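Trainee: here is my input; please provide its structure:
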Amino acid sequence: MRLKKVLCVLLAVLSLTAVLPLCVSADTNLKEADVSKYPIIHFTGNMHALFINEGKTIFNPASMGTEMTKREADLNAAISALDLNKALDIAIEIFWAVLGPVQMNEDGDSINKNITCKHGTVANGVKWIGRYFFNFDWRLDPVENADILAKYVDEICKKEGKDKVNMYAVSGSGSILLAYLAKYGTSKVASVVENITMQNGTSFFGALATRDMTLNTEVLGHAKEVNGKSMADYSDLLQGLYNTGLLDILERIAKIMSPVAVNKLYEEAIIPLIFQMPAFWSYVPIKDYELAKAKLGFSKTNKYAKLVAKMDHYFYDIVAKQNQILDDVYSKMKFAVRAGYGRYNYPIGHNAFVTTDTTVDTKYATFGATCALPEHPFSPLHIQLDLSCGHNHVSPDHMVDASTCRYKEVTWIALNQRHQSEYSYSGWYEWWLQAKNPTVNSNPVFPQFSVWVAANKQRTGWDTFVTQDESYAPNYFVEFFEGVWGLLLGVWRYVWKLPTIWLDLIF
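Mentor: Below you'll find the model as predicted:
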């Protein structure tokens, strides 16, 4: 018995000796440390993945435009003939051509079990531009993807001989990051960047999920572009209709005429192709979640019970505890938020007249900024709403008050930034990884507010310009919804060519 005790003590000592070097070498203050020595995992945004079935590409996010081009003549003919039912059928067929091959069932599981995920440029585990990319099946529940991410973190740590990674989440992957932190904690994380992330939802997805298909006349009456699509061909007409009140009349007529068409669109396309994918639920603001379940019929039947259980867990066990989860991250390590503002939203829904990065509302992406309405800046005498920190957090153009952001000292916001993946922000990220406790006041080259200029390295204007990285890759999530928006613009383009018919409808 005594020998057994001695052996146990020796084994305990040997075990302690084995892990001691790791404990000693670990950074005790990650806020102060240079964490650039740890590998970077860059989460790709939504819809970046290609799906391969038996060696064949069955989904390409850029195919929306191709499918629209194929059916453009048919769509134009239906619109010109005022055959709106035919036009709607064509639109539904385009949705199915793009998303049908990767449809999920009513449980939120893939119908096609042979689908695999592969990125179009850089595969998982391959280092490119100094970082590893995490390409995920964007259809899945965020918690399922968090489990996959956990294995990937272990793989990269082993490959690099490190005990931690830097996490850089982009767009729709913010929900996966949040789910990972909730389930696996921070023990293997050196730093976190939330870059234009969507885990707080967007007003567009809130409207889509609650069947709020109201055509927002304020957006149409002001916007020169929506999600990168120019309104130049008819912005003057829309502005005139808005100023005279006729646009509101048209919107009311459309609301009266549209219920049957809207129900058809939801039952035949939006529900089976979008909201049977768990991931798309994670872009709905939590305040709209219960209403969305009711409006889409998910809470009225048992056929969606498994999918609802997944999303209830995500919203009530993770999103509802987001402040606690991220506060813990913020207290332990470098944490930063990057967001954009100054671009118009999709003109769908009562709450669409807000400032965005073309996809995510700035108030959501920044975790609470107070934003002026587009083209309606705060008064020059505006005093920031939270004065407790002693720093100025109002943008130079008086459009954003960042003092109400939960993490205002580490939230960087760029005017005109479009919703896409920036890898560096003109050196900001490299500086941030190495700096001691970096904040928006640490480096005058990287102030809280800046201006984003695509494909232009000139620095002018405010303190600095944030420019599009040369390594920029397309954000297919945006391109897909640009395709949807382009479909709407195609309808409008031809409808506006029939002014006498519109006048007959009005009078």
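Trainee: give the contact list for Thr202.
Mentor: 283, 285, 356, 359-361, 364 (C-beta atoms under 8 Å, 6 or more residues apart in numbering). For the C-beta atoms, the positions are set from N, CA and C on the backbone; glycine is no exception.
Trainee: mind listing which of the residues you listed are in helices?
Mentor: With DSSP state H as the criterion, helices contain Tyr364 from among these.
Trainee: just the buried residues of the contacts of Thr202.
Mentor: 283, 285, 356, 359-361, 364 (16 or more other C-beta atoms under 10 Å).
Trainee: and those, which is closest to Pro374?
Mentor: Thr356 (9.1 Å; C-beta to C-beta).
Trainee: quick one: pLDDT of Ala146?
Mentor: Ala146 is assigned 97 on the pLDDT scale.
Trainee: surely it meets Gly185?
Mentor: No - counting by C-beta atoms under 8 Å, Gly185 is not a contact partner of Ala146; they are 11.5 Å apart.
Trainee: okay, those two: which has more neighbours?
Mentor: Ala146 (23 against 12; other C-beta atoms under 10 Å).
Trainee: what about that one, distance to Asn105?
Mentor: As judged by C-beta to C-beta, to the nearest Å, Ala146 and Asn105 stand 22 Å apart.
Trainee: circling back to that earlier point, what would the contacts of Thr202 look like in TSV with distance to Lys70 and pLDDT?
Mentor: Output for the contacts of Thr202, formatted as TSV (distance: C-beta to C-beta, whole Å; pLDDT from 0 to 100):
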residue	distance to Lys70	pLDDT
Tyr283	28	95
Pro285	35	97
Thr356	30	92
Thr359	26	88
Val360	31	94
Asp361	33	95
Tyr364	35	97
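Trainee: next step: the contacts of Thr202 restricted to strands.
Mentor: Judged by DSSP state E, strands contain none of these.
Trainee: now, which of the contacts of Thr202 sits nearest Ile176?
Mentor: Among those, and counting by C-beta to C-beta, the member closest to Ile176 is Tyr283, at 12.3 Å.
Trainee: burial count for the closest residue to that closest one other than its chain neighbours?
Mentor: Of all residues not flanking Tyr283 in the chain, Phe205 sits nearest, at 4.1 Å (C-beta to C-beta, 6 or more residues apart in numbering). For Phe205, the neighbour count with other C-beta under 10 Å is 24.
Trainee: how near is Phe205 to Asp89?
Mentor: For Phe205, the distance to Asp89 equals 25 Å [C-beta to C-beta].
Trainee: any stretches of this structure with poor pLDDT?
Mentor: Counting by pLDDT under 70, the chain has low-confidence residues at 1-28, 48-49, 61-65, 79, 82, 118-121, 221-258, 421, 454-507.
Trainee: what helices or strands is the helix or strand hosting the residue nearest to Tyr283 leaning on?
Mentor: Following DSSP states H and E, one finds Phe205 within helix 203-209. Counting by 3 or more C-beta pairs under 8 Å, 6 or more residues apart in numbering; DSSP states H and E, the packing neighbours recorded for helix 203-209 are helix 289-295.
Trainee: please name every helix or strand in contact with whatever helix or strand comes next after the helix it packs on.
Mentor: Proceeding N to C from helix 289-295, the next assigned helix or strand is helix 305-317, under DSSP H and E. Under the contact criterion of 3+ C-beta pairs under 8 Å, 6+ apart, helix 305-317 touches helix 142-160, helix 174-184, helix 278-281, helix 289-295.
Trainee: what residues sit buried inside the second one?
Mentor: The neighbour-count criterion (16+ other C-beta under 10 Å) identifies 174-182 as the buried residues of helix 174-184.
Trainee: ok, now how distant is the nearest residue in space to Glu106 that is not next to it in sequence from Gly297?
Mentor: In this structure, Glu106 finds its nearest non-sequential neighbour in Lys303, 5.0 Å apart by C-beta to C-beta, 6+ apart. According to C-beta to C-beta, Lys303 stands 9 Å off from Gly297.
Trainee: next, the residue positioned nearest the centre of the chain: phi, psi?
Mentor: Geometric centre of the chain, nearest residue: Ser171, 3.2 Å, by C-alpha atoms, centre = their mean. Dihedral pair for Ser171: phi 50, psi -130, per degrees, to the nearest 10.
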